[in-house]
Structure formats: structure tokens, C-alpha cells
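Enquirer: Below: sequence and its predicted model.
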Amino acid sequence: MLRGIHVPLVTPFTSSGEVAVDAIEKLAFHMLDQGAAGLVALGTTGEVAALDPDERARVIETCARVCAERQALLTVGVTGNDTRSTARALKSLPEGVGAALVTVPYFLRPGERGVIAHFEALAEETPVPLVIYHIPYRTGQAVSGATLRRLGAHPMIAGTKYAAGGIDQDAVDLLGDLPEGFEVVGGDDAYISPLLALGAAGGILASAHLETRSFVELVDAWHAGDVTRARALGHRLARLSAALFAEPNPTVIKGVLHAEGLIPTPDVRLPLVPAGEEAVSQAHLIAVHPGE
């Protein structure tokens, strides 16, 4: 279900500050036509916290229509540190959504027993499979490989977006003994190649807005055992990811997408501010001339 590259779409804005729905549709088609296996709507890269409910609904509706036409998986980000409100959000997901990316409860730090209880409760109520978003440097809550393995045994928990800030022992242990039907997708762009080498199914990668085909090729190369090709691609794409994350995500990505004519403005909403010209130019140069 999660194999391949899934692009967590940015939310483009018009010059007047409104959500640019036409640009979302254009970008969504472009990503899928470049080989992405699916899209993620309303992730951190999509500035979900800065969107109002009506805007979020329009983003989901647009992405669902595109994914239905291209027969691709649409995953929707669902955040919250309260189990009841998160369950309500899951049950209100519209038709066309194939999975939900649910962040480990943030800020409260409920402990691993609390994380287990949270996701087991959600799994009993959700209408779509869950992907656990494990990103401890944002949530403040560590989650062990053993906890993820236990949760992965539930039939409604499809996998985890693993973004621990590197390749740690838990990642090695988890990928060495995955529950049946449970998949790991990389969420730290710079480390996607080594995670794939360990057996990850794919990645949810903001960097894949650029050079989408190359990221798809990276996944295919590791899965096919073409180590020489995979290593070369991995090193090159890691340099691109580093440039795209030189300033807070998704500011540089939006700057490059705007420079390439894929979105109408590079604008973001406060408290984010647009990336500096130098960071955008450097990332754009790497994307346009990857061998240099």
C-alpha cells in the first residue's frame, strides 16, 4: 500500500493570499505523472496549521479528485494530541481518502503506554488505514521499535512514517522484523537511501516535489537490488534535500517551485517567512543541474 514515493503537497497561495486551488490540481497531476505512487494532503509541508477548515476541505477535495483520476493513493494528515478529537477527525474524512497520516501525540508526552493506547483506540474507530507519523524531534515523544511493532500488528495500522532524525537502532531493529502487512516509509529526506537499503517500502518526501522521477528511481533501484545505481542516486538526492531544507520547510521548496512556474507565488503564511534568494537559487541550481 505504501510502496513508492508519496509527495506531501505544498499548499500554493495566490498573490492575494488565498489558497490557489488550480495550482494544487496542476501540481498534483504533475507529481503523479512524474511517477509518484500517491499524495499526502494537509501534512506539515502543506502548512496545515495555517489553513482554516474550509481551506483544508478544498485541498482534500482537489487532491481526491486528482488521485481518483490517476488511481493513486491519497493520504490525509490528521494531527491532534487528544484521542477523542483525533477520532472525530478520522471519522469525518471524506470519500476518496485512502489512508490517514496520524502524528504521535505531541507536547503532552504521554509515554509509550499512552501512545499504544492512543493508536489502538483510533484503530478501532478509523474508516481508513492509519500511518503512524513518528517524528520525535517535533512531538517530544520517543517511540521504540518494539512499540511500533506492537501497533503494527493491528490490521488497521498500515505502517509508519519514520522520521527519527537519522538511522537509529530502533529503525534497524524494526525493519529487521516487521509485522505482516506493516510498512515503513522514510520521512527524513536526507536519510531515505539508507532506510530503503534496510528495507523501507518507500518515502513520504517533501524533496520529491523536485526530481520526482529520480526519487522514484531510487526506490525502484533499492528494491531491485541495483546497489551501484541506488548509492549514486542516494548521494545526489541527499545533496538536493540538504539544499531544500536549508531554511524552514517548505519555504525553499516553494521558492523553487515558483521559479519553475509550477505555483503562482513562493508565499507562505506566518509564522513562516519566504526563503532567502540565495537559498532558493542554490537549491534551484542543484535541481536543474544535478551533476554540478
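Expert: Looks like it came in fine.
Enquirer: Touching, Ala221 and Ser214? I think so.
Expert: No. If you go by CB atoms under 8 Å, Ala221 and Ser214 don't touch, sitting 10.1 Å apart. Every residue, glycine included, has its C-beta placed from N, CA and C.
Enquirer: Buried residues of stretch 245-263, list them for me.
Expert: 245-247, 249-259, 262-263 (16 or more other CB atoms under 10 Å).
Enquirer: ok, back up a step: quick check: neighbours shared by Ala221 and Ser214?
Expert: When contacts are counted by CB atoms under 8 Å, 6 or more residues apart in numbering, the set common to Ala221 and Ser214 consists of Leu233.
Enquirer: if I look at Arg84, how far off is Leu196?
Expert: 37 Å (CB to CB, to the nearest Å).
Enquirer: what about the two, which has more around it?
Expert: Higher neighbour count among Arg84 and Leu196: Leu196, with 24 against 10, using other CB atoms under 10 Å.
Enquirer: Is the closest residue in space to that one that isn't next to it in sequence part of a helix or strand, or is it coil?
Expert: Spatial nearest neighbour of Leu196, chain neighbours left out: Trp222 (4.0 Å); criterion: CB to CB, 6 or more residues apart in numbering. Following DSSP: H, G, I helix; E, B strand; the rest coil, Trp222 is assigned to helix.
Enquirer: Report the separation between Trp222 and Leu51.
Expert: 34 Å.
Enquirer: between those two, who's got more neighbours?
Expert: Trp222 (25 against 17).
Enquirer: what pLDDT does that one get?
Expert: pLDDT recorded at Trp222 is 98.
Enquirer: For it, give me its contacts.
Expert: Contacts of Trp222 (CB under 8 Å, 6+ apart): 193, 196-197, 230.
Enquirer: now Gln282
Expert: Taking CB under 8 Å, 6+ apart as the test, what Gln282 contacts is 243, 246.
Enquirer: Checking it next. Helix, strand or coil?
Expert: Gln282 - assigned by three-state DSSP - is helix.
Enquirer: That one and Ala275, how far apart?
Expert: From Gln282 to Ala275 the distance is 10 Å (CB to CB).
Enquirer: same deal with Val185?
Expert: Distance from Val185 to Ala275, by CB to CB: 26 Å.
Enquirer: next one: Ser92
Expert: Distance from Ser92 to Ala275, by CB to CB: 34 Å.
Enquirer: More neighbours: the two, which one.
Expert: Taking neighbours as other CB under 10 Å, Ser92 and Ala275 compare with Ala275 leading, 24 against 10.
Enquirer: There's contact between that one and Pro250 in this structure, I believe.
Expert: No. The criterion here is CB under 8 Å, and Ala275 misses it with Pro250 at 9.0 Å.
Enquirer: Spell out for me which residue occupies the centre of this protein.
Expert: The C-alpha lying nearest the average C-alpha coordinate of the chain belongs to Ile204 (CA atoms, centre = their mean; 3.5 Å).
Enquirer: List the contacts of that residue.
Expert: Shown in contact with Ile204 (CB under 8 Å, 6+ apart): 6-8, 40, 43, 75, 101, 161, 185-187.
Enquirer: Which of those fall within strands?
Expert: Counting by DSSP state E, those place 6-8, 40, 75, 101, 161, 185-186 in strands.
Enquirer: For stretch 49-58, what is the distance to the chain centroid?
Expert: Relative to its chain's centre, stretch 49-58 lies at 18 Å (CA atoms, centre = their mean, to the nearest Å).
Enquirer: can you give me the helices for the chain?
Expert: Here the chain has its helices, by DSSP state H, at 21-33, 53-70, 83-91, 111-125, 136-139, 145-152, 169-175, 192-198, 212-224, 227-244, 251-259, 277-288.
Enquirer: what does the first one contact?
Expert: Contacts of helix 21-33 with the rest of the structure, by CB under 8 Å, 6+ apart, involve 7, 9-12, 39, 58-59, 62-63, 65-67, 70, 72, 208-209, 212, 257, 262-264.
Enquirer: now do 7 Å
Expert: Under the criterion CB atoms under 7 Å, 6 or more residues apart in numbering, residues 7, 9, 11-12, 39, 58-59, 62-63, 66, 70, 72, 212, 262-264 lie in contact with helix 21-33.
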